[in-house]
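Enquirer: Got a sequence here, can you model it:
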Amino acid sequence: MAERSTAAVDVADNSGDEPLTAKADEATADGVAQTRERETAEEGTAETDEPTSPGAASPPELHSGHKLARRYRLEECVTRLDGFSSWRAVDEKLRRAVGVHLLPADHPRARSVLAAARSSALLGDPRFVHVLDAVEENDLVYVVHEWLPDATELTALLAAGPLEAHDAYQLVSQVAQAMAAAHREGLAHLRLTPSAVLRTSTGQYRIRGLAVNAALRGISSDTPQRTDTEAIGALLYASLTQRWPYEDDAYGLSGLPKGVGLIAPDQVRAGVHRGLSELAMRALVNDGATASRQEPPCTTPEELVKAIGEMPRIRPPEPVFTAPPEYQRTTYQQGTYGRTTPRPPGATQTIPSPPPPLQSRTGKALKWAVSALLIAALGLGSWQLADALMDRNNSDEPGSSDTSDEGDKSEPKTAHPIKIASGEEYVLEGGPQDLPGVPNTYDGDESTYWRSKSFIEGPKLAPYKPGVGIVYDLGKEEDVSAASLGLRYTGDHTTVELYAANSMSSSTPPSSMKKIGTVTTSGKSAQIKAKKPVKTRYVLVWLTDVPKSPGDEYSSAGYKQAITDVKFAG
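Expert: This is a model prediction of the structure:
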């Protein structure tokens, strides 16, 4: 059972008081200055035969099943080169997949890797794959980051062919805006390759390895903004042409023909969007020169974002509707079953005339039956009308009215709404889910909500987490008889329990509280009714089961739920 970790915040708290700019400089301080790395190795592919740079420490001898900090279990080695290794692992505490970079503590780049990871964790931008932990322990330095199982590398997307104009436009827009935000905080990537860009199932692009990938390989640059801008231009060029914009083959893509130099994408492949082709050339190292116009080059991600904003927006292609097949007239004909009866030439086909309606024996019997039913219906209706009129006349007689109040006393009381004074997240075990989102559940706005983390296993959260929820203060003791909840996610299934709590404290387990009611639903609302009202000031809304839902801008795909609105009645 896994949820998004808050370890990135812990890293930020322990990362010192230096600004992000200083840490980014430290993260890229080792190695020889480079403006473009032509290494063809991709992340996600095991590499064991790369030469080790002079002075690099030997990679630690680890194997599948090894645990770090009695928490991160290594599963599969995906990269091993130059004294470090990268693994797919499992966070056994939160029951989720993570990625881990490992290198010896005496590795010449260990210090810069730690600094880069902690600086990246401070950024907290959802467009980047987050660093969750950065630790030096037992002669090892390891960096833990998110693992997105539902995301696809740009390398794999380009292997299937070039992107459509709208997809390429989304790619360059999102990546340029993300890198502009990173550079405003003094962080550079310096290894922005197709394997570092992921597209999620919702169509959003996310960047992994900010500052960390460069620190692992000892890459630095005197012009980091120009280096990252050129890399974005290369990504756009490859997306439009399915070719790498240099002579060498790289990342599964063929390079340009030797000796022709850098030519515009619309000269490499027919049908390329002209505006995107010129944008790619402005970002690459050619000073913006094209065959048709002289535009100023884009040397920083900010300038690239501005140039994209000046372009006409590229809309997604219109959906293609397949026309239904033409109606095929069958050869079936009544009485012949597809075979026509041969007739002599000139003969006229005789069509027998139907008999007059209801003139047969059966027809006459049917008419008598229908007539009898109509007469019976008229008689019954007349009798009921007369009986109703007689009852009305009797009720109007003097002394026949009921003057007692017994009828009013027997009617049930109408439930009245109970106002919520405040609320706090109820954290029985582990970390909180969404502390700032609690007021969104009683602000009267159904578009705002409190959300849980995303869990790998479900729908039942136990035994890994007993549940998640919110305890509400009604301001005074009320007779609580019902609750209504608005939910964000549908599916199989959500279970909500309602308890009368003694206080707002999270120290008391729900099992020791008085249960008001419970309900299980697969829709976007939950109605809980008590067998009889319970008098209490504090009410706990407790979720024990949540449905599986796709990823979104806040969390990855998994078992999760969000509460949009809570109302109590007494």
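Enquirer: any low-confidence regions in the protein?
Expert: For the chain, applying pLDDT under 70 flags the ranges 1-60, 286-294, 320-363, 383, 386-414.
Enquirer: any chance you could map the helices in it?
Expert: 7-13, 20-27, 110-123, 154-159, 165-184, 212-217, 224-241, 265-268, 274-283, 301-310, 361-395, 406-410 (DSSP state H).
Enquirer: quick one: which of those helices is nearest Leu540?
Expert: Between Leu540 and the helices of the chain, the tightest spacing by Cβ to Cβ is seen for helix 7-13, at 26.4 Å. For the C-beta atoms, the positions are set from N, CA and C on the backbone; glycine is no exception.
Enquirer: one step back: adding mean neighbour count, write the helices of the chain out as CSV.
Expert: Below are these laid out as CSV (neighbours: other Cβ atoms under 10 Å):
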stretch, mean neighbour count
helix 7-13, 18
helix 20-27, 21
helix 110-123, 26
helix 154-159, 18
helix 165-184, 21
helix 212-217, 27
helix 224-241, 25
helix 265-268, 20
helix 274-283, 23
helix 301-310, 18
helix 361-395, 10
helix 406-410, 7
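Enquirer: wait, which of the ones you listed is closest to Pro432?
Expert: It's helix 7-13; of these, that one is closest to Pro432 (Cβ to Cβ) at 11.3 Å.
Enquirer: For the helices of the chain, give me a markdown table that also has distance to Ile456.
Expert: What follows is the helices of the chain, written out as a markdown table (distance: least, Cβ to Cβ, whole Å):
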| stretch | distance to Ile456 |
| --- | --- |
| helix 7-13 | 16 |
| helix 20-27 | 31 |
| helix 110-123 | 22 |
| helix 154-159 | 23 |
| helix 165-184 | 26 |
| helix 212-217 | 24 |
| helix 224-241 | 31 |
| helix 265-268 | 41 |
| helix 274-283 | 38 |
| helix 301-310 | 34 |
| helix 361-395 | 65 |
| helix 406-410 | 53 |
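Enquirer: just so I know, which of these lies nearest Phe455?
Expert: helix 7-13 (16.5 Å).
Enquirer: still on that earlier bit, so which of the helices of the chain is nearest Glu457?
Expert: Of these, nearest to Glu457 by Cβ to Cβ is helix 7-13, at 20.0 Å.
Enquirer: Can you give me the end-to-end span of stretch 199-217?
Expert: Chord length of stretch 199-217, first to last residue, is 24 Å (Cα to Cα, to the nearest Å).
Enquirer: related to what we said a few turns ago, nearest to Val197, out of the helices of the chain?
Expert: Each of the helices of the chain has some distance to Val197 by Cβ to Cβ; the shortest is helix 154-159, at 4.2 Å.
Enquirer: And the closest one, what does it pack against?
Expert: Judged by 3 or more Cβ pairs under 8 Å, 6 or more residues apart in numbering; DSSP states H and E, helix 154-159 is in contact with strand 197-199, helix 224-241.
Enquirer: Restricting to C-alpha, output that helix in PDB.
Expert: As requested, the backbone C-alpha atoms of helix 154-159 are provided in PDB (Å, rounded to 0.1, in the frame of the first residue of the first chain):
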ATOM      1  CA  LEU A 154      10.000  10.000 -25.500                       C
ATOM      2  CA  THR A 155      12.500   7.500 -26.900                       C
ATOM      3  CA  ALA A 156       9.800   4.900 -27.200                       C
ATOM      4  CA  LEU A 157       7.300   7.400 -28.600                       C
ATOM      5  CA  LEU A 158       9.800   8.400 -31.400                       C
ATOM      6  CA  ALA A 159      10.600   4.800 -32.200                       C
END
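Enquirer: follow-up on the earlier one: with distance to Pro317 as added columns, please give the helices and strands packed on helix 154-159 in TSV.
Expert: Below are the helices and strands packed on helix 154-159 laid out as TSV (distance: least, Cβ to Cβ, whole Å):
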stretch	distance to Pro317
strand 197-199	17
helix 224-241	15
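Enquirer: Indicate which one of those is closest to Val471.
Expert: Nearest of the helices and strands packed on helix 154-159 (Cβ to Cβ): strand 197-199, 38.2 Å.
Enquirer: Quick check: can you name the pairing partners of that closest one and their directions?
Expert: Strand pairing for strand 197-199, determined by DSSP bridges: strand 152-153 (antiparallel), strand 205-207 (antiparallel).
Enquirer: can you put the ones you listed in TSV and add mean neighbour count and distance to Gly124?
Expert: Below are those laid out as TSV (neighbours: other Cβ atoms under 10 Å; distance: least, Cβ to Cβ, whole Å):
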stretch	mean neighbour count	distance to Gly124
strand 152-153	18	23
strand 205-207	20	13
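Enquirer: would JSON lines of those with distance to Arg118 be doable?
Expert: Shown next, in JSON lines, are these (distance: least, Cβ to Cβ, whole Å):
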{"stretch": "strand 152-153", "distance to Arg118": "26"}
{"stretch": "strand 205-207", "distance to Arg118": "18"}
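Enquirer: out of these, which comes closest to Lys465?
Expert: Closest approach to Lys465 among the strands paired with strand 197-199 (Cβ to Cβ): strand 205-207, 26.1 Å.
Enquirer: who touches the closest one?
Expert: With contact meaning Cβ atoms under 8 Å, 6 or more residues apart in numbering, strand 205-207 is reached by 126-129, 148, 151, 170-171, 174-175, 178-179, 189, 192, 196-200.
Enquirer: chain center to it: distance?
Expert: 13 Å (Cα atoms, centre = their mean, to the nearest Å).
Enquirer: Please apply the same query to stretch 212-232.
Expert: 29 Å.
Enquirer: So what would you say the end-to-end distance of it is?
Expert: Across stretch 212-232, first to last residue, Cα to Cα, it's 18 Å.
Enquirer: Identify whichever of the helices of the chain lies nearest to Asp552.
Expert: Once the helices of the chain are compared by Cβ to Cβ, helix 165-184 is nearest, at 15.4 Å.
Enquirer: So which elements touch the closest one?
Expert: strand 197-199, strand 205-207, helix 224-241, helix 274-283, helix 301-310.
Enquirer: and it with helix 301-310, angle?
Expert: The directions of helix 165-184 and helix 301-310 differ by 150 degrees, with axes from the mean of the first three to the mean of the last three Cα atoms, to 10 degrees as the criterion.
Enquirer: Please put the alpha-carbon coordinates of helix 165-184 into CSV.
Expert: Taking C-alpha atoms only, helix 165-184 is exported to CSV below (Å, rounded to 0.1, in the frame of the first residue of the first chain):
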residue,chain,number,x,y,z
ALA,A,165,2.2,18.8,-34.9
HIS,A,166,-0.1,19.3,-31.9
ASP,A,167,1.9,16.7,-29.8
ALA,A,168,5.2,18.3,-30.7
TYR,A,169,3.8,21.7,-29.8
GLN,A,170,2.7,20.4,-26.4
LEU,A,171,6.1,18.8,-25.9
VAL,A,172,8.2,21.9,-26.5
SER,A,173,5.7,24.1,-24.6
GLN,A,174,5.7,22.1,-21.5
VAL,A,175,9.4,21.2,-21.4
ALA,A,176,10.4,24.8,-22.1
GLN,A,177,8.2,26.2,-19.4
ALA,A,178,9.4,23.6,-16.9
MET,A,179,13.1,24.4,-17.6
ALA,A,180,12.4,28.1,-17.5
ALA,A,181,11.0,27.6,-14.0
ALA,A,182,14.1,25.5,-13.0
HIS,A,183,16.6,28.1,-14.3
ARG,A,184,14.8,30.9,-12.3
